[in-house]
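Trainee: please work out how this folds:
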Amino acid sequence: MGLVGVAVAALAAGCGGDHAPAPTVERDALRVDVVEVTAAPRPSVVESGGLVQARTTAAITSHIMATVREVRVVPGDTVRAGQVLVVLDDRDIAAQARSAEAAAGAASDAVVAATAERAAADAALTLARASHGRLAALAARKSATAQELDEATAALRAAEHRLAASDARVAQARSALGGARAAGEAARVTAGYGRIVAPFAGVVTEKLVEPGNMAMPGTPLLRMEEQGAARLDVRVDASRVAAVESGQTVSVRIDADEPISLDGRVTEVSRAMDADSRAYLVRIALPVDARVRTGMFGRAQFAGPSSASRVVPASAVRRQGQVASVFVAEGGVARLRLVVAGRPAADGIEIVGGLADGDRVVIAPPQTLVDGSPIRTRSE
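Mentor: The predicted model follows:
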């Protein structure tokens, strides 16, 4: 005997036997309320579960290799942006920074010296030009010898070359100063890595280092998450992801001692499908004031395309284990009928199979009502 047959037999046994008693005139008909079943378009619902995550998380790491001197927070601490979390032993780095600053000072002095030298060369060139001009005028009047003019010309050329050399030394000194200043700035930045600060306001969730440990670049020291901003990460089957759009408002139910119902907003729909689950990752932003914590399980309901469905009041459906049934009014008699119940609806329970349009279903049937009982609707 199949499952349906067993269920029918069980229901029949529970109703008093294999054959319901035929209605008689002596038995009083039970007064009942009925509702007529009709198919109506209703939006389908795609439900997916996932875990609550902080909207922003961070693994706090070191930029340098150094010994940990202090860890100033523990898991659960609330921190502000820029607050010092970990202090490293940065004495050697600080010394390098001071050395770089000293080198920058020396380079600045070199620029001053080269500039003064260039000023002197410029003055010497001015004098050499004046002397050459006077001798050239005298030589034109035969008042100066050719040798004197040649000497003045040579002195002018030497002064020009000294000025050019001075210009080169000034440029070189300025370039060295720029490099020294850049090195000093890099040293100051590196020295700042000795104090590791919070990148944003949030909560410390994990501590992975203790004083005395060696901090290595890229190795997490702490983990923290943004406070008050959470999201729900769910995976939607590839056949149903078309019903999900970014910006869509969805109903979310968080499992807890007292379940939490709230509205979320889809912020991201992954473009790549997970090959193992054949599902897409969907991220849903939750309200900032939602009382949720990382790791809670939640379910999101996405509105899908409309489809015709039949819904009856929840009080009309009887359940025995996995079997659902209703009473249908047929010619003044209540008939027990097995149905396939679907998901709950706002105004009752969706019936996937077992009923047809026009069937009159008994609402809140009395406990004494059995298959074959005579009934009269209150409207009759």
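Trainee: so Ala176 is in which element?
Mentor: If you go by DSSP states H and E, Ala176 is part of helix 146-192.
Trainee: just the buried residues of the helix or strand following that helix, please?
Mentor: Per DSSP H and E, the first helix or strand lying C-terminal to helix 146-192 is strand 195-197. Of the residues in strand 195-197, Ile196 count as buried by neighbour count, 16 or more other C-beta atoms under 10 Å. The C-beta positions use only the backbone N, C-alpha and C, and glycine is treated the same way.
Trainee: now do strand 195-197: distance to the chain's middle.
Mentor: When distances are taken as C-alpha atoms, centre = their mean, to the nearest Å, strand 195-197 is centred 24 Å away from the chain's centroid.
Trainee: contacts for that strand?
Mentor: Contact with strand 195-197 is made by 60, 62, 82-88, 90, 221, as judged by C-beta atoms under 8 Å, 6 or more residues apart in numbering.
Trainee: tell me the buried residues in the very next helix or strand once past that strand?
Mentor: The helix or strand immediately downstream of strand 195-197 is strand 202-207, counting by DSSP H and E. Neighbour counts using 16+ other C-beta under 10 Å place 202-205, 207 of strand 202-207 among the buried residues.
Trainee: and strand 202-207, what does it pack onto?
Mentor: The contact analysis (3 or more C-beta pairs under 8 Å, 6 or more residues apart in numbering; DSSP states H and E) places strand 202-207 against strand 78-79, strand 220-226.
Trainee: out of those, deepest packed?
Mentor: Of all the helices and strands packed on strand 202-207, strand 220-226 has the most neighbours on average by mean count of other C-beta atoms under 10 Å, namely a mean of 20.
Trainee: for the stretch 1-150 of the chain, what spans make up the strands?
Mentor: 30-36, 40-54, 57-61, 66-71, 78-79, 84-88 (DSSP state E, counting those that start in this stretch).
Trainee: which of these has the lowest average pLDDT?
Mentor: Among the strands of the stretch 1-150 of the chain, strand 40-54 carries the lowest mean pLDDT, a mean of 82.
Trainee: note down every partner strand of it and its orientation.
Mentor: Within its sheet, strand 40-54 is paired with strand 230-237 (antiparallel), strand 297-312 (antiparallel), according to DSSP bridges.
Trainee: now the first one: buried residues?
Mentor: Using 16+ other C-beta under 10 Å as the test for burial, strand 230-237 gives 230-236.
Trainee: ditto for stretch 337-355
Mentor: By neighbour count on 16+ other C-beta under 10 Å, the buried set for stretch 337-355 is 337, 339, 341, 348-351, 354-355.
Trainee: also stretch 257-272?
Mentor: Using 16+ other C-beta under 10 Å as the test for burial, stretch 257-272 gives 260, 262, 264-266, 269.
Trainee: pLDDT check: weakest of these?
Mentor: Least confident of those in the model: Ile260, at 87.
Trainee: that residue pairs with what?
Mentor: Here Ile260 sits in beta bridges with Ile254, going by DSSP bridges.
Trainee: let me see the contact set for it.
Mentor: 253-254, 290-292.
Trainee: and if you look at Arg231?
Mentor: Arg231 is in contact with 52-55, 264, 267, 283-286, counting by C-beta under 8 Å, 6+ apart.
Trainee: where does it land on pLDDT?
Mentor: Looking at Arg231, its pLDDT stands at 90.
Trainee: for it, give its distance to Ala81.
Mentor: Noted for Arg231: a distance of 20 Å to Ala81, by C-beta to C-beta, to the nearest Å.
Trainee: the closest residue to Asp28 other than its chain neighbours: neighbouring residues, count only.
Mentor: Setting aside the residues directly before and after it, Asp28 is nearest to Pro374 in space (C-beta to C-beta, 6 or more residues apart in numbering), at 7.8 Å. When counting by other C-beta atoms under 10 Å, one arrives at 17 neighbours for Pro374.
Trainee: residue contacts, Gln53?
Mentor: Going by C-beta under 8 Å, 6+ apart, the list of residues near Gln53 reads 230-233, 294.
Trainee: re earlier: can you tell me which of the strands of the stretch 1-150 of the chain is nearest to Ala146?
Mentor: Minimum separation from Ala146 across the strands of the stretch 1-150 of the chain (C-beta to C-beta) falls at strand 66-71, 74.5 Å.
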